[in-house]
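1. Any chance you could fold what I've pasted below:
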Amino acid sequence: MDFDIIFKELKEEITELAKDKFNEQSNAIAQDMQEYLAHSKEKLQKWAKLFKAQSIDKDELIWLLKSQKDLLLLKSLQNIGVSSISIGHFKNKIVDTVLSKIVAQVQS
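-> Okay, here's the model as predicted:
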């Protein structure tokens, strides 16, 4: 498992999610995403290794990923007045994307 490849793909996929959901603000959101991913990279890498080694199961991985959700501030969305509910849904999509990417890479 090459985590650098996973990490690069995550950046691309999350940026695409932002473009699909918030087209006009996608560049600002991408900046928020970069900050979140940079801040979380070490933890994500550690958790991916633990999951691959079967030291944690999928439920534990989900819990760990969700614990990081509050770090994803999405200041750009708050600044333009996007509702907290929409921001919450977007955060959930990001967590789901990270989870599916890690699981897919470990199982391949």
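
2. Please count neighbours and contacts with C-alpha atoms only from this point.
-> Will do.

3. What's the first helix or strand after the helix or strand of the chain with the lowest mean pLDDT?
-> Across the helices and strands of the chain, mean pLDDT, DSSP states H and E gives its lowest value to helix 75-79, namely a mean of 74. Sequence-wise, the next helix or strand downstream of helix 75-79 (DSSP states H and E) is helix 84-107.

4. average model confidence for that following helix?
-> What helix 84-107 shows for mean pLDDT is 87.

5. got the contact list for the helix or strand where Ile6 lies?
-> Here Ile6 sits within helix 3-21, counting by DSSP H and E. Contact partners of helix 3-21, identified using CA atoms under 8 Å, 6 or more residues apart in numbering, comprise 25-26, 29-30, 33-34, 37, 41, 45, 94, 97-98, 101-102, 105.

6. what's the model's confidence in it, averaged?
-> Averaging pLDDT along helix 3-21 gives 86.

7. mind listing what's buried in it?
-> Within helix 3-21, the residues scored as buried using 16 or more other CA atoms under 10 Å are Phe3, Ile6, Phe7, Leu10, Lys11, Glu13, Ile14, Thr15, Leu17, Ala18, Lys19.
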